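Participant: sequence and predicted structure below; questions after.
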Amino acid sequence: MSAVEPAAETEAGRDFLRDIVAADLAAGRCAAVVTRFPPEPNGYLHIGHAKAIAINFGIAEEFGGRCHLRFDDTNPAKEAQEYIDAIQRDIHWLGFDWGSHLYYASDYFEQLYEWAEHLIRQGLAYVDDQSADEIRAARGTLTAPGTSSPFRDRSVAENLDLFRRMRAGEFRNGARVLRAKIDMGSGNINLRDPVLYRILHAAHPRTGTRWCIYPTYDFAHGQSDAIEGVTHSLCSLEFEDHRPLYDWLIEHLPVPARPRQYEFARLNLGYTVMSKRFLKRLADEGRVSGWDDPRMPTLAGLRRRGVPPAAIREFVRRVGVARANSTVDLAMFDAALRDTLNRTAPRRMAVLRPVKLVIENYPPGLSEEIEAVNNPEDASAGTRMLPFGRELYIERDDFLETPPKNFYRLAPGREVRLRYAYFVTCREAVKDAAGNIIELHCIYDPATKGGNAPDGRRVRGTIHWVSAAHALPAEIRLYDPLFTRPDPGADGDMMADLNPNSLETLADARLEPALAEDDGTVQFERLGYFCRDPDSTPGRLVFNRTIGLHDTWTKMHADGR
RNA sequence: UGGGGCGUAGCCAAGUGGUAAGGCAGCGGAUUUUGAUUCCGCCAUUCGCAGGUUCGACUCCUGCCGCCCCAGCCA
């Protein structure tokens, strides 16, 4: 054991994967750990992938090894360059880097083809002329063994000839496949002569029409791992049954290395659907604005919603790694998000549902600047100046004509603090003919500038505000979970569980001027975290709510306390 | 009478024979110019169930129960 151990080796609460890697390193079974993240470029990455990314890149990093990004592009029918680009962008955004180790399974097509011929020469693979239906029927069932194909015992010469002609394009799609000759009676269905190559006359995003036969996942994955020198091939639980096939191929092929596959449970999140297929449908059918709709669990969607990559990394770290299937409470994601944002997000003032407040005794035309701290959690974030004047906007919810017992915001005759500014006392609620409150008339105490009374009197409530003369109009988009239940689709139809109220738009919000320049996610004090949406134009800002603040007041109300 | 996995609190999750970590949620309370944050306290006599081995079992053995994955020429 070296004098300098990786920190991870001594940390408590390490997971079983890290234990395996540490043991292999300690025993000298490998000199350095090499992992890989192998997405198929058939859609956008989502938060479930973030777990796999964090595991593969994270373990490599912690143990001083490396992690490859390898596109598993073996099925041209579903794959596209758009996805290849998006996946790379999203992994980088998440904070991981593959350096020069960017690979494609399609880079290995020639080598894989040669290995397929090797298998044929060894009598371990054969060309099957049966149709897909016939193969399926002969495969048997979960409880009944399969039966051999009539083509199973073709000669090596005939198999070689046929396989070469498959490659040459002599046959139509589906006419023949190459199968491994393993065991039609195996209890593991993956071993009942699995298909290794199929005919697909389709253009591939990278190899174009150079090939018309493509290796299956099973024939490509382990061999690609071996070619790249991957030591630990970490994947999710559903590939467990494939491991015997993975090992069989590695053992029977002259591969340059001996990778090992280990499986962990994939991430499931409450109120969320991780199926790429379903997410694609939501985007394609216009149920959301696209793959990057802020309600989507995609990394692109989370980014647009204002979720910082550090929050996602923290979330998956807290979730841990194990082999038990589980569904993580959405609240755990929210907590990681709030923790991250609380430490880093600049504070701003914004009024979502404005009502005008007029300070009767404040000189008309006068305007002053008030200093406010940018982040009470971080002194280095400094301060900024807020314009203040006779007319302000405050939150409609912050005034109640007949306040309940525990309400300590503004009400007739009551004094509250305008954050960072002055104490104001409400004199009158001005209403229109219909009885709607249009203006609140108050008086302020000039001696309370900054928010403290020299006479030591206290107020219970502090509310946020924005200067009417200086405020920026904005549209605010409030998001709720895309689904109405923690287990969407449990009754059979995920579409039926879509939340019809997942988006609420507020058209007339007012923001403090500094918000015109902010990038990144900020906190609107007392409301939540928000970030500017790319739909913003110079004349009209659009902000997304990333997540609200904890709100015990609303909660007390809901509880009827 | 197919094969492979998994069952520790409401949700994640440590624990690998010596007497149940931690996080989230929840519940109290303190501080607070965000009803936020922060802080402090409470929250599994019990580890799917039943037997067995042992001075001692979440950990070992046996049996049962429950849940998940596999019958694509998807990955």
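Facilitator: Arrived safely. This structure is a prediction, so every number in the text was calculated from the model and none was measured.
Participant: burial of A:A265, as a residue count?
Facilitator: 17 (other CB atoms under 10 Å). Quick note: C-beta positions are derived from backbone N, CA and C, even for glycine.
Participant: for it, report the pLDDT, please.
Facilitator: You'll see A:A265 listed with a pLDDT of 98.
Participant: the one 5 residues further on now?
Facilitator: According to the predicted model, the pLDDT of A:G270 comes to 98.
Participant: now the residue of the stretch 351-500 of chain A found nearest RNA strand B: closest residue in space, sequence neighbours ignored.
Facilitator: Proximity of the stretch 351-500 of chain A to RNA strand B (CB to the nearest atom of the strand) peaks at A:G451, 2.0 Å away. Spatial nearest neighbour of A:G451, excluding adjacent residues (CB to CB, 6 or more residues apart in numbering): A:R417 at 5.3 Å.
Participant: check A:F315 too.
Facilitator: A:A336 (3.8 Å).
Participant: wait, the one you found touches A:A310, no?
Facilitator: No: A:A336 is not in contact with A:A310 according to CB atoms under 8 Å; the separation is 9.1 Å.
Participant: of these two, who's got more company?
Facilitator: Neighbours were counted for A:A336 and for A:A310 using other CB under 10 Å; A:A336 has more, 21 against 17.
Participant: what about that one, distance to RNA strand B?
Facilitator: Distance, A:A336 to RNA strand B, using CB to the nearest atom of the strand, to the nearest Å: 7 Å.
Participant: name the SS class of that residue, please.
Facilitator: helix (DSSP: H, G, I helix; E, B strand; the rest coil).
Participant: state the pLDDT value of it.
Facilitator: 98.
Participant: and A:G492, that's in a helix?
Facilitator: No: assigned with three-state DSSP, A:G492 falls outside any helix and is coil.
Participant: ok so, going back, what's the host helix or strand of the residue nearest to A:G451 packed up against?
Facilitator: Under the criterion of DSSP states H and E, A:R417 resides in strand A:415-418. Helices and strands touching strand A:415-418, by 3 or more CB pairs under 8 Å, 6 or more residues apart in numbering; DSSP states H and E, are strand A:423-431, strand A:462-463.
Participant: tell me which strands and helices the shortest one is in contact with?
Facilitator: Packed against strand A:462-463, as judged by 3+ CB pairs under 8 Å, 6+ apart, are the following elements: strand A:415-418.
Participant: can the strand it packs on be said to contact RNA strand B?
Facilitator: Yes: under the criterion of CB under 7 Å from any atom of the strand, strand A:415-418 makes contact with RNA strand B via A:R417.
Participant: now do that strand: everything it contacts.
Facilitator: Residues from elsewhere that reach strand A:415-418, judged by CB atoms under 8 Å, 6 or more residues apart in numbering: A:392, A:394, A:398, A:408-410, A:423-426, A:444, A:448, A:451, A:459-465.
Participant: could you rerun that using 6 Å?
Facilitator: For strand A:415-418, the external contacting residues (CB atoms under 6 Å, 6 or more residues apart in numbering) are A:L410, A:F423, A:V424, A:T425, A:G451, A:V459, A:G461, A:T462, A:I463, A:W465.
Participant: the first one bridge partners, please.
Facilitator: As for beta bridges, A:L410 partners with A:F399 under DSSP bridges.
Participant: do the fourth one as well
Facilitator: Following DSSP bridges, A:T425 is listed with bridge partners A:E415, A:I443.
Participant: quick one, what contacts it?
Facilitator: A:E415, A:C442, A:I443.
Participant: could you pull out the helices in the stretch 301-450 of chain A for me?
Facilitator: Assigned by DSSP state H, counting those that start in this stretch, the stretch 301-450 of chain A shows helices spanning A:309-319, A:330-344.
Participant: single out the most deeply packed of those helices.
Facilitator: Of all the helices of the stretch 301-450 of chain A, helix A:309-319 has the most neighbours on average by mean count of other CB atoms under 10 Å, namely a mean of 19.
Participant: what mean pLDDT does that one have?
Facilitator: pLDDT averaged over helix A:309-319 gives 98.
Participant: per-residue pLDDT of whichever residue of the stretch 101-250 of chain A sits closest to RNA strand B, please?
Facilitator: Residue of the stretch 101-250 of chain A nearest RNA strand B, by CB to the nearest atom of the strand: A:G187 (2.6 Å). pLDDT recorded at A:G187 is 96.
Participant: quick check on it: phi, psi?
Facilitator: phi -70, psi -20 (degrees, to the nearest 10).
Participant: what's the burial count for it?
Facilitator: 10.
Participant: state the helix or strand in which the residue of the stretch 351-500 of chain A closest to RNA strand B lies.
Facilitator: Using DSSP H and E, no helix or strand contains A:G451.
Participant: roughly how far apart are it and A:L112?
Facilitator: 70 Å (CB to CB, to the nearest Å).
Participant: just A:A322 next, same as before
Facilitator: 33 Å.
Participant: more neighbours, those two?
Facilitator: A:L112 (22 against 12).
Participant: let's verify the residue lying closest to A:P145 once chain neighbours are set aside: helix, strand, or coil?
Facilitator: Leaving aside its sequence neighbours, A:P145 sits nearest to A:G185 (CB to CB, 6+ apart; 4.0 Å). Look at A:G185: counting by three-state DSSP, its state is coil.
Participant: can you tell me what sits against stretch A:255-274?
Facilitator: Residues contacting stretch A:255-274 (CB under 6 Å, 6+ apart): A:46, A:48, A:51, A:225-226, A:229-230, A:233-237, A:239-240, A:243, A:246, A:297, A:321-325, A:327-330, A:481, A:483, A:486, A:488, A:494.
Participant: hmm, which of those are the buried ones?
Facilitator: Among these, the ones that count as buried by 16 or more other CB atoms under 10 Å are A:46, A:48, A:51, A:225-226, A:229-230, A:233-235, A:239, A:243, A:246, A:297, A:321, A:328, A:481, A:483, A:486, A:488, A:494.
Participant: which residues touch stretch A:434-446?
Facilitator: So stretch A:434-446 is contacted by A:356-362, A:399, A:422-432 (CB under 6 Å, 6+ apart).
Participant: what residues sit buried inside stretch A:443-456?
Facilitator: A:I443, A:Y444, A:D445, A:T448, A:K449, A:G451.
Participant: and the fourth one, how far from A:E415?
Facilitator: Taking CB to CB as the criterion, A:T448 is separated from A:E415 by 9 Å.
Participant: the fifth one now?
Facilitator: Distance from A:K449 to A:E415, counting by CB to CB: 15 Å.
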